[in-house]
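Q: this one's sequence-less:
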């Protein structure tokens, strides 16, 4: 019925279709005057897997798909993307690919993005971002609008923004650094209780978190982009690199938007937790490695760590230890509350 109606408009050249399926025979109902198709899949997960846009071309024998916007909610959709792209013509001008789930593996076939040399808009979340994309995209000379989800940033990214290889028509750049995950806060009261009882609850937020924290970049349950699998010393360098991308883009008259402010806040929050764990390790008679590392990292990032204040009214005593609560001023935990550390000492015999 839809195609039959389109046939009545002889001057119709472009159509926009949103998850459309046709149950009629294509040999009976076609719209040969249509030459361009913009296709968009379902925006919600309630529907079935999206229909391959290739299947609708039989109803439009003169048309090519010039705009493709797909969101993957199912693994089958994700796996079908390379095959769909392989069947499109190089005249594709707009491509947007997103996935709402984390696939266990990359697509079985790499995405041949450079084949679409006429692309004017490219929007890829980090699930679909190819390896070495910085050099892969250099041939997309017509790009005007570029949106990327980035987990790791390399200096090669600057080739897209400056020098003889830069994308000269680029006017809009949007970058979302991810993933950003906030894990559990260590409960030092709980850690102390476990230490006294010589137990360790793997489901808790006490000794298990302290023992599992090897460095700032290896805190179970916490995740930050750009700094994964790098040393604490490289955290500052990674953040500086992201900030430099913003500066160079603006210098090239590119309108740039990122979530760097959110990333800075997440780094600050994680540094405070790292510091709190360092205090816990220090006062539970463990090495001061984490504590010293947290101080150095905070100094490098120009983060003012919470001021520690001993509250002599909150004295706690157990069999072997006694301590006073230490309040960490001006610290928020998930936007509400206070962070506490412990000032422990072995009781005098």
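A: Structure received. Note that the structure is predicted; figures quoted are calculated from it, not measured.
Q: can you tell me how far the nearest residue to residue 174 once chain neighbours are set aside sits from residue 132?
A: Leaving aside its sequence neighbours, residue 174 sits nearest to residue 147 (Cβ to Cβ, 6 or more residues apart in numbering; 4.2 Å). From N, CA and C alone the C-beta is placed, and that goes for glycine too. Here residue 147 is placed at a distance of 19 Å from residue 132 (Cβ to Cβ, to the nearest Å).
Q: and if you look at residue 153?
A: 13 Å.
Q: between these two, point out the one with more neighbours.
A: Taking other Cβ atoms under 10 Å, residue 153 and residue 132 do not tie; residue 153 has more neighbours (19 against 9).
Q: residues touching that one, list them.
A: Residues counted as contacts of residue 153 (Cβ atoms under 8 Å, 6 or more residues apart in numbering) are 177, 226, 238, 241, 242, 245.
Q: which of the residues you listed fall in helices?
A: 238, 241, 242, 245 (DSSP state H).
Q: who wins on neighbours among those residues?
A: residue 245 (21 neighbours).
Q: so what's that one closest to, chain neighbours aside?
A: Per Cβ to Cβ, 6+ apart, closest to residue 245 is residue 157, 6.1 Å.
Q: between the ones in helices among the contacts of residue 153, which is nearest residue 170?
A: residue 245 (12.6 Å; Cβ to Cβ).
Q: the stretch 51-200 of the chain: helices as residue ranges?
A: 75-86, 133-136, 188-197 (DSSP state H, counting those that start in this stretch).
Q: per-residue confidence averaged over the shortest one?
A: The one in question is helix 133-136. Across helix 133-136, pLDDT averages out at 90.
Q: ok, residues contacting it?
A: Against helix 133-136 from outside (Cβ under 8 Å, 6+ apart): 113, 114, 130, 148, 154, 156, 157, 159, 160.
Q: distance of residue 145 relative to residue 95?
A: Taken as Cβ to Cβ, the span from residue 145 to residue 95 is 11 Å.
Q: low-confidence stretches in the stretch 101-250 of the chain?
A: Residues of the stretch 101-250 of the chain that meet the criterion pLDDT under 70 lie in 104-109, 228-230, 232.
Q: what about the strands in it?
A: 121-124, 145-150, 172-177 (DSSP state E, counting those that start in this stretch).
Q: and those strands as a markdown table, adding distance to residue 33 and mean neighbour count?
A: Formatted as a markdown table, the strands of the stretch 101-250 of the chain follow (distance: least, Cβ to Cβ, whole Å; neighbours: other Cβ atoms under 10 Å):
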| stretch | distance to residue 33 | mean neighbour count |
| --- | --- | --- |
| strand 121-124 | 26 | 20 |
| strand 145-150 | 29 | 20 |
| strand 172-177 | 33 | 20 |
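Q: which ones are touching the residue nearest to residue 152 when sequence neighbours are not counted?
A: Distances taken as Cβ to Cβ, 6+ apart put residue 226 closest to residue 152, at 6.5 Å, once the chain neighbours are dropped. Applying Cβ under 8 Å, 6+ apart to residue 226 gives the contacts 150, 151, 152, 153, 177, 238, 239, 241, 242, 263.
Q: just to check, residue 204 is in contact with residue 190?
A: Yes: judged on Cβ atoms under 8 Å, residue 204 makes contact with residue 190 at a distance of 6.0 Å.
Q: which ones are touching residue 10?
A: Per Cβ under 8 Å, 6+ apart, neighbours of residue 10: residue 33.
Q: phi and psi next, for it.
A: Dihedral angles of residue 10 (phi, psi; degrees, to the nearest 10) stand at phi -70, psi -20.
Q: kindly report the same for residue 287.
A: Dihedral angles for residue 287 - degrees, to the nearest 10 - are phi -60, psi 160.
Q: for the closest residue to it other than its chain neighbours, the count of nearby residues, please.
A: The shortest distance from residue 287 to any non-neighbouring residue, by Cβ to Cβ, 6+ apart, is to residue 281 (6.9 Å). The number of residues packed near residue 281 is 21, by other Cβ under 10 Å.
Q: end to end on stretch 115-125, go ahead and measure it.
A: End-to-end span of stretch 115-125 (Cα to Cα, to the nearest Å): 19 Å.
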